[in-house]
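Novice: prediction below, plus the sequence it came from.
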Amino acid sequence: MPRPLNILTGVYALAIYGFIFLPVAVLVLFSFQGTLIPVPPFNGPSLRWYNAVFADRRLMAGLWNSFLVAVFSSALSVFLGFLAAYGFARFRFPGKGPLNGLMTAPLSVSYLIIGMGLLISFNWLGVPKSLIAAGIGHVVINMPLCFAILYSQMGDHQVNIERAARDLGAAEWQVLGLVTAPMLWPALFASFFLSVTFSWDEFIISFLLTRFDNTLPVEIWSLLRSGLSPKTNAIGSLVFLVSTVLVVLLELTLFRKPKS
Amino acid sequence: MTTSIDASLPGSQSTAAYRWLAFAPLPYILPAMLWTLLFFAAPFVAMLLMSLWQLSGPGLDTTPTLANYAQFFNNPAYFQAMVNSAEVTAIVTVVSILLAYPFAWILAERVPERWQRLALALAVLPFWTSYVVRSYAWLLVLGERGIVNQTLLGLHILSQPIQLANTRFATVVGFVHFFVMLLTLTIYANLKQLSPSYRKAAADLGANPVQVFWHVVLPLTLSGIMVGAFLTIVLAIGDYITPQVLGGNNELLMPQLIMLQIGRRGDFPLASALSILLMIVVTLVYLAMARWLKLERA
(Lines give C-alpha, C1' and ligand atoms only; values in the text may rest on other atoms or scores of the structure.)
Protein backbone atom coordinates (compact mmCIF):
# COMPACT_ATOMS: atom_id res chain seq x y z
CA MET A 1 0.00 0.00 0.00
CA PRO A 2 1.44 3.40 -0.97
CA ARG A 3 2.17 5.69 1.96
CA PRO A 4 0.04 8.73 0.96
CA LEU A 5 -3.04 6.53 1.07
CA ASN A 6 -2.10 5.25 4.53
CA ILE A 7 -1.82 8.81 5.79
CA LEU A 8 -5.11 9.71 4.16
CA THR A 9 -7.00 6.82 5.77
CA GLY A 10 -5.41 7.60 9.14
CA VAL A 11 -6.40 11.26 8.95
CA TYR A 12 -9.91 10.33 7.86
CA ALA A 13 -10.38 7.83 10.68
CA LEU A 14 -9.11 10.36 13.24
CA ALA A 15 -11.44 13.02 11.85
CA ILE A 16 -14.44 10.72 12.24
CA TYR A 17 -13.38 9.73 15.76
CA GLY A 18 -13.05 13.43 16.51
CA PHE A 19 -16.53 14.13 15.18
CA ILE A 20 -17.98 11.24 17.19
CA PHE A 21 -16.32 12.21 20.46
CA LEU A 22 -16.43 16.01 20.19
CA PRO A 23 -19.86 16.50 21.82
CA VAL A 24 -19.22 13.89 24.50
CA ALA A 25 -15.85 15.40 25.34
CA VAL A 26 -17.37 18.88 25.60
CA LEU A 27 -20.22 17.52 27.69
CA VAL A 28 -17.93 15.81 30.19
CA LEU A 29 -15.32 18.59 30.30
CA PHE A 30 -17.82 21.32 31.10
CA SER A 31 -19.57 19.20 33.69
CA PHE A 32 -16.51 20.13 35.77
CA GLN A 33 -17.02 23.83 35.05
CA GLY A 34 -16.75 26.05 38.09
CA THR A 35 -18.91 28.89 36.82
CA LEU A 36 -22.52 29.22 35.75
CA ILE A 37 -22.36 28.54 32.02
CA PRO A 38 -20.86 25.49 30.29
CA VAL A 39 -19.00 27.38 27.57
CA PRO A 40 -15.34 28.35 27.19
CA PRO A 41 -13.24 29.44 28.96
CA PHE A 42 -13.04 26.41 31.18
CA ASN A 43 -12.92 27.22 34.88
CA GLY A 44 -12.31 24.15 36.84
CA PRO A 45 -12.18 21.40 37.59
CA SER A 46 -14.94 21.68 40.12
CA LEU A 47 -17.39 19.14 41.49
CA ARG A 48 -19.89 21.88 42.25
CA TRP A 49 -22.44 20.74 39.65
CA TYR A 50 -22.19 17.10 40.60
CA ASN A 51 -23.07 18.14 44.14
CA ALA A 52 -25.97 20.11 42.71
CA VAL A 53 -27.15 17.03 40.82
CA PHE A 54 -26.99 14.81 43.88
CA ALA A 55 -28.82 17.45 45.90
CA ASP A 56 -31.58 17.73 43.30
CA ARG A 57 -34.53 15.69 44.54
CA ARG A 58 -36.30 15.57 41.20
CA LEU A 59 -33.24 14.33 39.34
CA MET A 60 -32.54 11.71 41.96
CA ALA A 61 -36.18 10.60 41.83
CA GLY A 62 -35.92 10.46 38.02
CA LEU A 63 -32.79 8.36 38.31
CA TRP A 64 -34.54 5.90 40.62
CA ASN A 65 -37.70 5.86 38.46
CA SER A 66 -35.67 5.20 35.33
CA PHE A 67 -33.89 2.38 37.10
CA LEU A 68 -37.18 0.82 38.22
CA VAL A 69 -38.82 1.13 34.81
CA ALA A 70 -35.74 -0.20 33.02
CA VAL A 71 -35.28 -3.22 35.29
CA PHE A 72 -38.92 -4.27 35.53
CA SER A 73 -39.85 -3.65 31.89
CA SER A 74 -36.69 -5.45 30.74
CA ALA A 75 -37.32 -8.43 33.01
CA LEU A 76 -40.84 -8.75 31.65
CA SER A 77 -39.61 -8.28 28.07
CA VAL A 78 -37.06 -11.06 28.48
CA PHE A 79 -39.59 -13.35 30.17
CA LEU A 80 -42.29 -12.90 27.52
CA GLY A 81 -39.75 -12.94 24.69
CA PHE A 82 -38.15 -16.13 26.02
CA LEU A 83 -41.46 -17.98 26.28
CA ALA A 84 -42.49 -16.88 22.80
CA ALA A 85 -39.11 -17.77 21.31
CA TYR A 86 -39.41 -21.24 22.86
CA GLY A 87 -42.88 -21.65 21.37
CA PHE A 88 -41.67 -20.56 17.94
CA ALA A 89 -38.47 -22.60 18.00
CA ARG A 90 -39.86 -25.88 19.31
CA PHE A 91 -43.26 -26.17 17.66
CA ARG A 92 -44.63 -26.10 14.18
CA PHE A 93 -47.99 -24.47 13.94
CA PRO A 94 -50.18 -22.82 11.32
CA GLY A 95 -49.72 -19.10 10.73
CA LYS A 96 -46.20 -19.08 12.12
CA GLY A 97 -44.87 -16.64 9.53
CA PRO A 98 -47.51 -13.94 9.98
CA LEU A 99 -47.43 -14.34 13.77
CA ASN A 100 -43.66 -13.89 13.70
CA GLY A 101 -44.26 -10.76 11.67
CA LEU A 102 -46.73 -9.47 14.25
CA MET A 103 -44.29 -10.16 17.08
CA THR A 104 -41.51 -8.12 15.47
CA ALA A 105 -43.71 -5.43 13.90
CA PRO A 106 -43.14 -2.86 16.70
CA LEU A 107 -39.45 -2.75 15.71
CA SER A 108 -40.25 -0.87 12.51
CA VAL A 109 -42.69 1.67 13.98
CA SER A 110 -41.33 4.86 15.46
CA TYR A 111 -41.52 5.29 19.22
CA LEU A 112 -43.57 8.47 18.84
CA ILE A 113 -46.36 6.55 17.12
CA ILE A 114 -46.27 3.67 19.62
CA GLY A 115 -46.38 6.18 22.46
CA MET A 116 -49.24 8.13 20.99
CA GLY A 117 -51.32 5.02 20.31
CA LEU A 118 -50.88 4.00 23.94
CA LEU A 119 -51.68 7.49 25.18
CA ILE A 120 -54.95 7.55 23.22
CA SER A 121 -55.91 4.04 24.39
CA PHE A 122 -55.08 4.74 28.02
CA ASN A 123 -57.07 7.98 27.85
CA TRP A 124 -60.10 6.07 26.63
CA LEU A 125 -59.76 3.37 29.24
CA GLY A 126 -59.21 5.93 31.97
CA VAL A 127 -55.77 4.57 32.81
CA PRO A 128 -53.85 7.42 34.45
CA LYS A 129 -50.40 8.47 33.25
CA SER A 130 -47.79 6.72 35.36
CA LEU A 131 -44.46 4.96 35.42
CA ILE A 132 -46.33 1.68 34.92
CA ALA A 133 -47.88 3.04 31.71
CA ALA A 134 -44.40 4.04 30.49
CA GLY A 135 -43.10 0.60 31.51
CA ILE A 136 -45.82 -1.06 29.44
CA GLY A 137 -44.67 0.99 26.46
CA HIS A 138 -41.07 -0.05 27.05
CA VAL A 139 -42.08 -3.70 27.04
CA VAL A 140 -43.81 -3.11 23.69
CA ILE A 141 -40.57 -1.81 22.15
CA ASN A 142 -38.15 -4.20 23.88
CA MET A 143 -39.98 -7.53 23.83
CA PRO A 144 -39.68 -7.94 20.04
CA LEU A 145 -35.95 -7.38 20.36
CA CYS A 146 -35.59 -9.97 23.14
CA PHE A 147 -37.76 -12.36 21.15
CA ALA A 148 -35.66 -11.93 18.00
CA ILE A 149 -32.36 -12.40 19.85
CA LEU A 150 -33.53 -15.45 21.81
CA TYR A 151 -35.28 -17.04 18.83
CA SER A 152 -32.09 -16.77 16.78
CA GLN A 153 -30.13 -18.48 19.56
CA MET A 154 -32.48 -21.43 20.00
CA GLY A 155 -31.01 -24.16 17.86
CA ASP A 156 -31.91 -27.76 17.24
CA HIS A 157 -28.87 -28.95 19.15
CA GLN A 158 -30.59 -27.97 22.41
CA VAL A 159 -33.64 -30.06 21.57
CA ASN A 160 -32.00 -33.39 22.36
CA ILE A 161 -30.89 -32.17 25.76
CA GLU A 162 -34.42 -30.96 26.46
CA ARG A 163 -35.76 -34.31 25.30
CA ALA A 164 -33.34 -36.12 27.58
CA ALA A 165 -34.56 -34.04 30.51
CA ARG A 166 -38.15 -34.89 29.62
CA ASP A 167 -37.30 -38.60 29.40
CA LEU A 168 -35.79 -38.41 32.85
CA GLY A 169 -39.10 -37.13 34.19
CA ALA A 170 -38.73 -33.34 34.16
CA ALA A 171 -41.96 -31.40 33.92
CA GLU A 172 -42.23 -28.87 31.10
CA TRP A 173 -41.57 -25.90 33.38
CA GLN A 174 -38.51 -27.66 34.76
CA VAL A 175 -37.20 -28.25 31.25
CA LEU A 176 -37.66 -24.56 30.47
CA GLY A 177 -36.26 -23.21 33.72
CA LEU A 178 -33.54 -25.73 34.52
CA VAL A 179 -32.38 -26.82 31.08
CA THR A 180 -33.25 -24.38 28.29
CA ALA A 181 -32.73 -21.12 30.19
CA PRO A 182 -29.27 -22.08 31.56
CA MET A 183 -28.17 -23.11 28.07
CA LEU A 184 -29.21 -19.71 26.76
CA TRP A 185 -27.97 -17.55 29.59
CA PRO A 186 -25.59 -15.39 27.51
CA ALA A 187 -28.45 -14.52 25.16
CA LEU A 188 -30.79 -13.96 28.09
CA PHE A 189 -28.35 -11.57 29.78
CA ALA A 190 -27.64 -9.85 26.50
CA SER A 191 -31.30 -9.22 25.75
CA PHE A 192 -31.86 -8.04 29.30
CA PHE A 193 -29.01 -5.52 29.21
CA LEU A 194 -29.92 -4.35 25.72
CA SER A 195 -33.47 -3.74 26.93
CA VAL A 196 -32.20 -1.92 30.00
CA THR A 197 -30.02 0.28 27.79
CA PHE A 198 -32.91 1.19 25.51
CA SER A 199 -35.39 1.71 28.34
CA TRP A 200 -32.89 3.76 30.33
CA ASP A 201 -32.40 6.15 27.39
CA GLU A 202 -35.94 6.20 26.04
CA PHE A 203 -37.58 9.61 26.04
CA ILE A 204 -40.72 10.07 23.97
CA ILE A 205 -42.84 7.19 25.32
CA SER A 206 -42.03 8.15 28.90
CA PHE A 207 -42.68 11.79 28.09
CA LEU A 208 -46.15 11.01 26.74
CA LEU A 209 -47.14 8.45 29.36
CA THR A 210 -45.86 9.86 32.67
CA ARG A 211 -47.02 12.89 34.59
CA PHE A 212 -45.91 13.35 38.20
CA ASP A 213 -43.24 10.68 38.49
CA ASN A 214 -40.90 11.03 35.53
CA THR A 215 -37.99 9.05 34.20
CA LEU A 216 -34.55 10.63 34.01
CA PRO A 217 -34.58 11.56 30.30
CA VAL A 218 -37.85 13.43 30.87
CA GLU A 219 -36.34 15.26 33.86
CA ILE A 220 -33.30 16.16 31.78
CA TRP A 221 -35.64 17.43 29.08
CA SER A 222 -37.27 19.81 31.52
CA LEU A 223 -33.81 20.97 32.68
CA LEU A 224 -32.99 21.76 29.05
CA ARG A 225 -35.81 24.25 28.90
CA SER A 226 -34.01 26.51 31.34
CA GLY A 227 -31.07 26.77 28.94
CA LEU A 228 -27.47 25.64 29.13
CA SER A 229 -26.22 24.74 32.57
CA PRO A 230 -23.22 22.76 33.81
CA LYS A 231 -25.72 20.88 35.94
CA THR A 232 -27.22 19.37 32.78
CA ASN A 233 -23.67 18.49 31.75
CA ALA A 234 -23.12 16.74 35.06
CA ILE A 235 -26.28 14.64 34.91
CA GLY A 236 -25.64 13.99 31.20
CA SER A 237 -22.14 12.76 31.99
CA LEU A 238 -23.54 10.47 34.67
CA VAL A 239 -26.06 9.06 32.18
CA PHE A 240 -23.23 8.52 29.71
CA LEU A 241 -21.24 6.72 32.40
CA VAL A 242 -24.14 4.37 33.20
CA SER A 243 -24.76 3.68 29.50
CA THR A 244 -21.08 2.92 29.02
CA VAL A 245 -21.12 0.44 31.91
CA LEU A 246 -24.20 -1.24 30.43
CA VAL A 247 -22.52 -1.48 27.03
CA VAL A 248 -19.40 -3.04 28.55
CA LEU A 249 -21.64 -5.61 30.24
CA LEU A 250 -23.32 -6.21 26.87
CA GLU A 251 -19.96 -6.60 25.19
CA LEU A 252 -19.05 -9.24 27.76
CA THR A 253 -22.24 -11.22 27.16
CA LEU A 254 -23.71 -10.70 23.70
CA PHE A 255 -20.59 -10.08 21.67
CA ARG A 256 -18.28 -12.39 23.56
CA LYS A 257 -16.72 -14.92 21.28
CA PRO A 258 -18.06 -18.37 22.19
CA LYS A 259 -15.45 -20.62 23.73
CA SER A 260 -15.02 -23.80 21.79
CA MET B 1 -23.44 -22.70 15.71
CA THR B 2 -26.45 -24.90 15.11
CA THR B 3 -25.57 -25.91 11.60
CA SER B 4 -22.26 -27.49 12.53
CA ILE B 5 -23.97 -29.97 14.81
CA ASP B 6 -26.64 -30.76 12.25
CA ALA B 7 -23.97 -31.44 9.71
CA SER B 8 -22.30 -33.94 12.03
CA LEU B 9 -25.45 -36.03 12.11
CA PRO B 10 -25.98 -37.26 8.58
CA GLY B 11 -29.61 -37.65 7.65
CA SER B 12 -30.94 -35.69 10.60
CA GLN B 13 -33.47 -33.19 9.37
CA SER B 14 -33.95 -30.09 11.42
CA THR B 15 -37.73 -30.56 11.10
CA ALA B 16 -37.54 -33.79 13.07
CA ALA B 17 -36.71 -31.69 16.10
CA TYR B 18 -40.04 -29.90 16.05
CA ARG B 19 -43.27 -31.05 17.53
CA TRP B 20 -46.37 -30.49 15.48
CA LEU B 21 -49.24 -29.86 17.84
CA ALA B 22 -51.68 -27.16 16.95
CA PHE B 23 -52.40 -25.93 20.47
CA ALA B 24 -49.30 -27.03 22.34
CA PRO B 25 -47.32 -23.83 21.64
CA LEU B 26 -50.13 -21.62 22.87
CA PRO B 27 -49.05 -21.34 26.51
CA TYR B 28 -45.65 -20.10 25.32
CA ILE B 29 -46.58 -17.68 22.60
CA LEU B 30 -49.90 -16.47 23.95
CA PRO B 31 -48.63 -14.08 26.65
CA ALA B 32 -46.32 -12.25 24.23
CA MET B 33 -48.96 -12.32 21.52
CA LEU B 34 -51.60 -10.86 23.83
CA TRP B 35 -49.20 -8.16 24.95
CA THR B 36 -48.48 -7.19 21.34
CA LEU B 37 -52.17 -7.22 20.41
CA LEU B 38 -53.27 -5.33 23.49
CA PHE B 39 -50.54 -2.69 23.70
CA PHE B 40 -49.40 -2.40 20.09
CA ALA B 41 -52.04 -3.51 17.61
CA ALA B 42 -55.11 -2.25 19.50
CA PRO B 43 -53.59 1.20 20.19
CA PHE B 44 -52.75 1.43 16.54
CA VAL B 45 -56.37 0.72 15.62
CA ALA B 46 -57.44 3.28 18.24
CA MET B 47 -55.18 5.83 16.59
CA LEU B 48 -56.61 4.96 13.18
CA LEU B 49 -60.14 5.51 14.50
CA MET B 50 -59.13 8.71 16.24
CA SER B 51 -57.72 10.06 12.97
CA LEU B 52 -61.20 9.82 11.43
CA TRP B 53 -62.79 11.87 14.18
CA GLN B 54 -62.60 15.55 14.92
CA LEU B 55 -61.97 17.76 17.84
CA SER B 56 -65.13 19.68 18.71
CA GLY B 57 -65.04 21.97 21.69
CA PRO B 58 -63.88 20.01 24.72
CA GLY B 59 -64.98 16.66 23.28
CA LEU B 60 -64.76 14.62 20.11
CA ASP B 61 -67.06 14.50 17.12
CA THR B 62 -67.16 10.81 16.22
CA THR B 63 -68.73 11.11 12.76
CA PRO B 64 -66.18 9.49 10.46
CA THR B 65 -64.51 12.02 8.22
CA LEU B 66 -61.29 12.47 6.31
CA ALA B 67 -61.16 16.14 7.29
CA ASN B 68 -57.91 15.72 9.26
CA TYR B 69 -56.21 14.22 6.22
CA ALA B 70 -57.64 16.93 3.98
CA GLN B 71 -56.29 19.52 6.39
CA PHE B 72 -52.79 18.16 5.88
CA PHE B 73 -52.99 18.66 2.14
CA ASN B 74 -54.79 22.00 2.33
CA ASN B 75 -52.70 23.68 4.99
CA PRO B 76 -49.35 24.63 3.42
CA ALA B 77 -47.65 24.76 6.83
CA TYR B 78 -48.53 21.13 7.54
CA PHE B 79 -47.50 19.93 4.14
CA GLN B 80 -44.27 21.89 4.45
CA ALA B 81 -43.43 19.96 7.63
CA MET B 82 -43.55 16.72 5.65
CA VAL B 83 -41.37 18.24 2.93
CA ASN B 84 -38.90 19.43 5.58
CA SER B 85 -38.86 15.99 7.18
CA ALA B 86 -38.29 14.30 3.83
CA GLU B 87 -35.48 16.71 2.92
CA VAL B 88 -33.70 16.47 6.26
CA THR B 89 -34.02 12.69 6.30
CA ALA B 90 -32.69 12.38 2.76
CA ILE B 91 -29.72 14.67 3.45
CA VAL B 92 -28.95 12.86 6.70
CA THR B 93 -29.13 9.42 5.09
CA VAL B 94 -26.87 10.31 2.17
CA VAL B 95 -24.29 12.24 4.23
CA SER B 96 -24.19 9.54 6.90
CA ILE B 97 -23.57 6.76 4.38
CA LEU B 98 -20.88 8.78 2.61
CA LEU B 99 -19.09 9.43 5.90
CA ALA B 100 -19.60 5.99 7.44
CA TYR B 101 -18.67 3.78 4.51
CA PRO B 102 -14.99 4.80 4.24
CA PHE B 103 -14.73 4.74 8.03
CA ALA B 104 -16.18 1.23 8.28
CA TRP B 105 -13.90 0.18 5.44
CA ILE B 106 -10.84 1.51 7.27
CA LEU B 107 -11.91 -0.30 10.45
CA ALA B 108 -12.48 -3.56 8.61
CA GLU B 109 -9.52 -3.47 6.22
CA ARG B 110 -6.81 -1.22 7.56
CA VAL B 111 -6.94 -1.68 11.32
CA PRO B 112 -5.02 -4.75 12.53
CA GLU B 113 -7.37 -7.62 13.35
CA ARG B 114 -6.65 -7.67 17.08
CA TRP B 115 -7.48 -3.98 17.50
CA GLN B 116 -10.63 -4.02 15.41
CA ARG B 117 -13.11 -4.87 18.12
CA LEU B 118 -11.78 -2.15 20.38
CA ALA B 119 -11.68 0.37 17.54
CA LEU B 120 -15.27 -0.42 16.65
CA ALA B 121 -16.51 -0.41 20.24
CA LEU B 122 -14.90 3.02 20.76
CA ALA B 123 -16.36 4.36 17.53
CA VAL B 124 -19.90 3.59 18.62
CA LEU B 125 -19.65 4.33 22.34
CA PRO B 126 -21.61 7.64 22.25
CA PHE B 127 -24.24 5.80 20.19
CA TRP B 128 -25.50 4.30 23.43
CA THR B 129 -26.04 7.56 25.29
CA SER B 130 -29.47 9.00 25.70
CA TYR B 131 -30.35 11.10 22.68
CA VAL B 132 -31.61 13.89 24.89
CA VAL B 133 -28.10 14.18 26.28
CA ARG B 134 -26.49 13.81 22.86
CA SER B 135 -28.56 16.62 21.36
CA TYR B 136 -27.82 18.82 24.34
CA ALA B 137 -24.11 18.12 23.91
CA TRP B 138 -24.27 19.34 20.30
CA LEU B 139 -25.95 22.48 21.55
CA LEU B 140 -22.84 23.12 23.64
CA VAL B 141 -20.68 22.71 20.56
CA LEU B 142 -22.79 24.71 18.11
CA GLY B 143 -24.27 27.36 20.41
CA GLU B 144 -23.61 31.05 20.04
CA ARG B 145 -20.90 30.86 22.71
CA GLY B 146 -20.09 27.23 21.94
CA ILE B 147 -16.78 25.63 21.06
CA VAL B 148 -17.02 26.17 17.31
CA ASN B 149 -17.83 29.86 17.52
CA GLN B 150 -15.29 30.52 20.28
CA THR B 151 -12.57 28.75 18.31
CA LEU B 152 -13.30 30.58 15.09
CA LEU B 153 -13.47 33.90 16.94
CA GLY B 154 -10.25 33.13 18.78
CA LEU B 155 -8.47 32.39 15.51
CA HIS B 156 -9.88 35.64 14.08
CA ILE B 157 -11.55 33.73 11.27
CA LEU B 158 -14.83 35.27 12.38
CA SER B 159 -15.41 38.76 13.71
CA GLN B 160 -18.76 37.88 15.28
CA PRO B 161 -20.42 34.58 16.15
CA ILE B 162 -22.46 32.87 13.46
CA GLN B 163 -25.75 31.20 14.20
CA LEU B 164 -25.30 27.43 14.09
CA ALA B 165 -27.80 26.29 16.71
CA ASN B 166 -31.52 26.51 15.93
CA THR B 167 -30.90 25.84 12.27
CA ARG B 168 -31.47 22.96 9.92
CA PHE B 169 -27.70 22.57 9.81
CA ALA B 170 -27.64 21.79 13.54
CA THR B 171 -30.42 19.22 13.16
CA VAL B 172 -28.52 17.54 10.34
CA VAL B 173 -25.27 17.50 12.34
CA GLY B 174 -27.04 15.97 15.35
CA PHE B 175 -28.62 13.28 13.20
CA VAL B 176 -25.50 12.56 11.16
CA HIS B 177 -23.54 12.10 14.38
CA PHE B 178 -25.90 9.36 15.49
CA PHE B 179 -26.32 7.64 12.13
CA VAL B 180 -22.63 7.61 11.24
CA MET B 181 -22.23 5.38 14.29
CA LEU B 182 -25.21 3.19 13.42
CA LEU B 183 -24.15 2.81 9.77
CA THR B 184 -20.53 2.15 10.72
CA LEU B 185 -21.79 -0.82 12.72
CA THR B 186 -23.94 -2.24 9.94
CA ILE B 187 -21.48 -1.58 7.10
CA TYR B 188 -18.58 -2.96 9.12
CA ALA B 189 -20.53 -6.16 9.77
CA ASN B 190 -21.25 -6.34 6.05
CA LEU B 191 -17.65 -5.90 4.99
CA LYS B 192 -16.51 -8.56 7.45
CA GLN B 193 -18.99 -11.06 6.08
CA LEU B 194 -17.51 -10.65 2.62
CA SER B 195 -15.34 -13.61 1.77
CA PRO B 196 -11.81 -12.51 0.78
CA SER B 197 -11.88 -15.05 -2.07
CA TYR B 198 -14.09 -12.72 -4.15
CA ARG B 199 -11.51 -10.00 -3.98
CA LYS B 200 -8.69 -12.42 -4.64
CA ALA B 201 -10.50 -13.83 -7.66
CA ALA B 202 -11.10 -10.34 -9.05
CA ALA B 203 -7.47 -9.41 -8.46
CA ASP B 204 -6.26 -12.64 -10.08
CA LEU B 205 -8.35 -11.80 -13.10
CA GLY B 206 -6.49 -8.52 -13.40
CA ALA B 207 -8.66 -5.99 -11.60
CA ASN B 208 -6.81 -3.16 -9.90
CA PRO B 209 -7.79 -2.25 -6.29
CA VAL B 210 -10.17 0.47 -7.46
CA GLN B 211 -11.88 -1.92 -9.86
CA VAL B 212 -12.10 -4.60 -7.16
CA PHE B 213 -13.81 -2.14 -4.88
CA TRP B 214 -16.11 -0.67 -7.50
CA HIS B 215 -17.16 -3.88 -9.23
CA VAL B 216 -16.96 -6.42 -6.40
CA VAL B 217 -16.94 -5.02 -2.86
CA LEU B 218 -19.41 -2.19 -3.34
CA PRO B 219 -22.11 -4.21 -5.16
CA LEU B 220 -21.84 -7.00 -2.59
CA THR B 221 -22.31 -4.60 0.33
CA LEU B 222 -25.10 -2.66 -1.34
CA SER B 223 -27.93 -4.62 0.26
CA GLY B 224 -26.38 -4.03 3.67
CA ILE B 225 -26.16 -0.32 2.91
CA MET B 226 -29.83 -0.32 1.96
CA VAL B 227 -30.81 -2.00 5.23
CA GLY B 228 -28.81 0.62 7.13
CA ALA B 229 -30.36 3.38 5.04
CA PHE B 230 -33.84 2.14 5.84
CA LEU B 231 -33.06 2.01 9.56
CA THR B 232 -31.75 5.56 9.29
CA ILE B 233 -34.90 6.75 7.55
CA VAL B 234 -37.27 5.12 10.06
CA LEU B 235 -35.40 6.41 13.08
CA ALA B 236 -34.66 9.89 11.71
CA ILE B 237 -38.09 10.71 10.35
CA GLY B 238 -39.78 9.77 13.63
CA ASP B 239 -37.40 11.55 16.02
CA TYR B 240 -38.70 14.50 17.96
CA ILE B 241 -35.74 15.36 20.19
CA THR B 242 -33.01 16.17 17.69
CA PRO B 243 -35.00 18.69 15.60
CA GLN B 244 -36.64 20.18 18.70
CA VAL B 245 -33.40 20.72 20.63
CA LEU B 246 -31.07 21.56 17.74
CA GLY B 247 -33.33 22.89 15.03
CA GLY B 248 -35.63 24.84 17.29
CA ASN B 249 -38.95 26.09 16.04
CA ASN B 250 -37.67 27.97 12.98
CA GLU B 251 -38.81 25.17 10.76
CA LEU B 252 -40.97 22.29 11.91
CA LEU B 253 -40.42 18.64 11.09
CA MET B 254 -43.30 16.17 11.24
CA PRO B 255 -42.69 14.86 14.79
CA GLN B 256 -42.57 18.44 16.06
CA LEU B 257 -45.82 19.23 14.27
CA ILE B 258 -47.43 16.11 15.76
CA MET B 259 -46.25 16.95 19.28
CA LEU B 260 -47.47 20.50 18.81
CA GLN B 261 -51.00 19.23 18.11
CA ILE B 262 -50.97 17.17 21.30
CA GLY B 263 -49.35 19.73 23.51
CA ARG B 264 -50.96 22.97 22.50
CA ARG B 265 -54.53 21.99 21.75
CA GLY B 266 -54.88 18.37 22.71
CA ASP B 267 -55.91 17.73 19.11
CA PHE B 268 -55.42 13.97 19.12
CA PRO B 269 -57.45 13.40 15.93
CA LEU B 270 -55.16 15.63 13.87
CA ALA B 271 -52.04 14.28 15.59
CA SER B 272 -53.22 10.74 14.78
CA ALA B 273 -53.86 11.56 11.14
CA LEU B 274 -50.42 13.19 10.81
CA SER B 275 -48.79 10.15 12.44
CA ILE B 276 -50.53 7.79 10.08
CA LEU B 277 -49.48 9.89 7.09
CA LEU B 278 -45.91 9.73 8.37
CA MET B 279 -46.18 5.95 8.66
CA ILE B 280 -47.54 5.71 5.13
CA VAL B 281 -44.59 7.68 3.79
CA VAL B 282 -42.13 5.41 5.63
CA THR B 283 -43.92 2.33 4.31
CA LEU B 284 -43.79 3.65 0.74
CA VAL B 285 -40.07 4.31 1.10
CA TYR B 286 -39.62 0.79 2.41
CA LEU B 287 -41.55 -0.74 -0.50
CA ALA B 288 -39.61 1.33 -3.01
CA MET B 289 -36.29 0.29 -1.50
CA ALA B 290 -37.29 -3.38 -1.28
CA ARG B 291 -38.39 -3.31 -4.91
CA TRP B 292 -35.21 -1.58 -6.00
CA LEU B 293 -33.12 -4.16 -4.16
CA LYS B 294 -35.05 -6.98 -5.81
CA LEU B 295 -34.50 -5.49 -9.25
CA GLU B 296 -30.85 -4.98 -8.46
CA ARG B 297 -30.43 -8.64 -7.52
CA ALA B 298 -32.33 -9.99 -10.51
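Specialist: Nice, I can see it. Numbers count the residues shown, from 1 in each chain, chains lettered A, B, ... in the order given.
Novice: okay, now residue A:228: neighbour count?
Specialist: By other C-beta atoms under 10 Å in any protein chain shown, 19 other residues sit near residue A:228. All C-beta atoms are positioned from the backbone trio N, CA, C, and that covers glycine.
Novice: one more: residue B:48?
Specialist: Residues within reach of residue B:48, counting by other C-beta under 10 Å, total 14.
Novice: that one contacts residue B:272, correct?
Specialist: Yes - Residue B:48 is within contact range of residue B:272, at 7.4 Å (criterion: C-beta atoms under 8 Å).
Novice: for the closest residue to residue B:170 other than its chain neighbours, which residues are in contact?
Specialist: Leaving aside its sequence neighbours, residue B:170 sits nearest to residue B:246 (C-beta to C-beta, 6 or more residues apart in numbering or on different chains; 3.9 Å). Residue B:246 makes contact with B:135, B:138-139, B:142, B:165-166, B:170-171, B:173-174 under the criterion C-beta atoms under 8 Å, 6 or more residues apart in numbering or on different chains.
Novice: gap between the closest residue to chain B within the stretch 151-260 of chain A and residue A:187?
Specialist: Nearest residue of the stretch 151-260 of chain A to chain B: residue A:155, at 3.0 Å (C-beta to the nearest C-beta). Between residue A:155 and residue A:187 the distance is 11 Å, computed by C-beta to C-beta, to the nearest Å.
Novice: for residue A:207, same thing?
Specialist: Taking C-beta to C-beta as the criterion, residue A:207 is separated from residue A:187 by 31 Å.
Novice: pLDDT weak spots in the chain?
Specialist: No chain was given, so I picked chain A. A:1-3, A:253-260 (pLDDT under 70).
Novice: could you do chain B instead?
Specialist: Along chain B, segments meeting pLDDT under 70 span B:1-23, B:296-298.
Novice: and the strands in it?
Specialist: B:19-20, B:54-56, B:59-61 (DSSP state E).
Novice: for those strands, which one ends up most surrounded?
Specialist: strand B:54-56 (a mean of 16; mean count of other C-beta atoms under 10 Å in any protein chain shown).
Novice: what packs against that one?
Specialist: strand B:59-61, helix B:268-297 (3 or more C-beta pairs under 8 Å, 6 or more residues apart in numbering or on different chains; DSSP states H and E).
Novice: look at residue A:155 and residue A:187 and report which has more neighbours.
Specialist: residue A:187 (22 against 18).
Novice: that one: what's its closest spatial neighbour, skipping adjacent residues?
Specialist: Nearest in space to residue A:187, with sequence neighbours left out and distances taken as C-beta to C-beta, 6+ apart, is residue A:153 at 4.1 Å.
Novice: ditto for residue A:249
Specialist: Per C-beta to C-beta, 6+ apart, closest to residue A:249 is residue A:193, 5.2 Å.
Novice: can you tell me the element the one you found falls in?
Specialist: Under the criterion of DSSP states H and E, residue A:193 resides in helix A:185-201.
Novice: what's the neighbour count on residue B:78?
Specialist: Residue B:78: 19 surrounding residues under other C-beta under 10 Å.
Novice: and if you look at residue B:178?
Specialist: Number of residues near residue B:178 (other C-beta under 10 Å) recorded here: 24.
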